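Chemist: no letters, just coordinates:
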């Protein structure tokens, strides 16, 4: 496969969807909100953006399947599958908080081979594919060089509907508040991951994540020189619904801290 050529096409599709989202935000109102579950918001913007993405990607790889958040297309293929979040950070979008993104990944069998994340408000497109560097708007990016947790700025996401591990999460949050440069919660896991890839964050952790939240960002972090593991330190993250992404230098230390607080 010519992954570089495919990446260029995916970037254009992500930007097309992003342009639609950007325009709709100008006239969006709360009457258009729907609820998929507790605190799980969606609108016609998510669904229409996903339709734009699916239609574009069907032309890129006609035989590929789709794993989509809004389920506008749900066919799963044997070899290639696109993993799509058309609007990661829907709650931010609805409230007018300018941090949300389009996230598109390609999986070949069980391996993620391409990722594109388009941060709409800053017009920043992050992308990478198997064997490539990671890029931001055409410029190569790398993870940070922070040597330990104490020197790190760390991103996370708050539980918003599954509170089964709430106390463990609070314990971890409390520990890191006291033992790192600071904690940030932007509201888009895809953005948290690509900010880790380019060194703005030194790490990101969260649980109860879906594949479409993180698949593209995982590719970009890894190709930028970082590591992505689950809370046990293993490489499987799409199905475990938990994730730690780091610059690679603080992985072992952060995994140990997470394990201590989530035991």
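Modeler: Sure thing, it's come through. Note that the coordinates shown come from a computational prediction; the quantities given were computed from them, not determined experimentally.
Chemist: show me the contacts for the residue nearest to the spatial centre of the chain.
Modeler: The residue lying closest to the centre of the chain (C-alpha atoms, centre = their mean) is residue 190, at 2.1 Å. With contacts defined as C-beta atoms under 8 Å, 6 or more residues apart in numbering, the neighbours of residue 190 are 85, 88, 89, 101, 103, 117, 213, 214, 216, 217. Heads up, the C-betas are built off the backbone N, CA and C, glycines and all.
Chemist: shaky segments in the protein?
Modeler: Residues of the chain that meet the criterion pLDDT under 70 lie in 36-41, 160-161.
Chemist: doesn't the residue nearest to the centre of the chain fall inside a helix?
Modeler: Yes: read with DSSP: H, G, I helix; E, B strand; the rest coil, residue 190 is one of the residues of a helix.
Chemist: list phi and psi for residue 112.
Modeler: Residue 112 has phi and psi values of phi -80, psi 130 when expressed as degrees, to the nearest 10.
Chemist: which of the contacts of residue 190 fall within strands?
Modeler: Using DSSP state E, 85, 88, 101, 103, 117 are the members of those that sit in strands.
Chemist: which of those sits closest to residue 223?
Modeler: Proximity of the ones in strands among the contacts of residue 190 to residue 223 (C-beta to C-beta) peaks at residue 117, which lies at 12.3 Å.
Chemist: surely the closest one touches residue 126?
Modeler: Yes: Residue 117 is within contact range of residue 126, at 4.7 Å (criterion: C-beta atoms under 8 Å).
Chemist: intersection of neighbour lists for the two?
Modeler: Contact criterion C-beta under 8 Å, 6+ apart; residues shared by residue 117 and residue 126: 194, 220.
Chemist: just the terminal-to-terminal distance for stretch 206-215.
Modeler: 14 Å (C-alpha to C-alpha, to the nearest Å).
Chemist: next: stretch 83-98.
Modeler: Stretch 83-98: ends 23 Å apart by C-alpha to C-alpha.
Chemist: same question for stretch 25-42.
Modeler: When the termini of stretch 25-42 are compared using C-alpha to C-alpha, they are 13 Å apart.
Chemist: for stretch 119-130, same thing?
Modeler: Taking C-alpha to C-alpha, the first and last residues of stretch 119-130 lie 21 Å apart.
Chemist: what about the residue sitting furthest away from the middle of the chain, which SS state?
Modeler: Distance from the C-alpha centroid of the chain peaks at residue 31, with 27.3 Å (C-alpha atoms, centre = their mean). What three-state DSSP gives for residue 31 is helix.
Chemist: and residue 132, by the same measure?
Modeler: coil.
Chemist: which residue is the nearest non-sequential neighbour of it?
Modeler: residue 223 (5.9 Å; C-beta to C-beta, 6 or more residues apart in numbering).
Chemist: isn't the one you found right up against residue 133?
Modeler: Yes: in this structure, residue 223 is within contact of residue 133 by C-beta under 8 Å, at 6.3 Å.
Chemist: higher neighbour count, those two?
Modeler: residue 223 (23 against 13; other C-beta atoms under 10 Å).
Chemist: contact partners for that one?
Modeler: Going by C-beta under 8 Å, 6+ apart, residue 223 touches 128, 129, 130, 132, 133, 134, 197.
Chemist: PyMOL command for the buried members of the contacts of residue 190?
Modeler: Selecting only the buried entries of these in PyMOL, with 16 or more other C-beta atoms under 10 Å as the criterion:
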select buried, resi 85+88+89+101+103+117+213+214+216+217
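Chemist: any chance of the contacts of residue 190 in TSV, plus distance to residue 143?
Modeler: TSV is the format used below for these (distance: C-beta to C-beta, whole Å):
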residue	distance to residue 143
85	22
88	20
89	22
101	19
103	19
117	15
213	20
214	16
216	16
217	12
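Chemist: of the contacts of residue 223, just the buried ones, ChimeraX syntax please.
Modeler: To isolate the buried members of the contacts of residue 223 in ChimeraX, using 16+ other C-beta under 10 Å:
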select :128,129,130,134,197
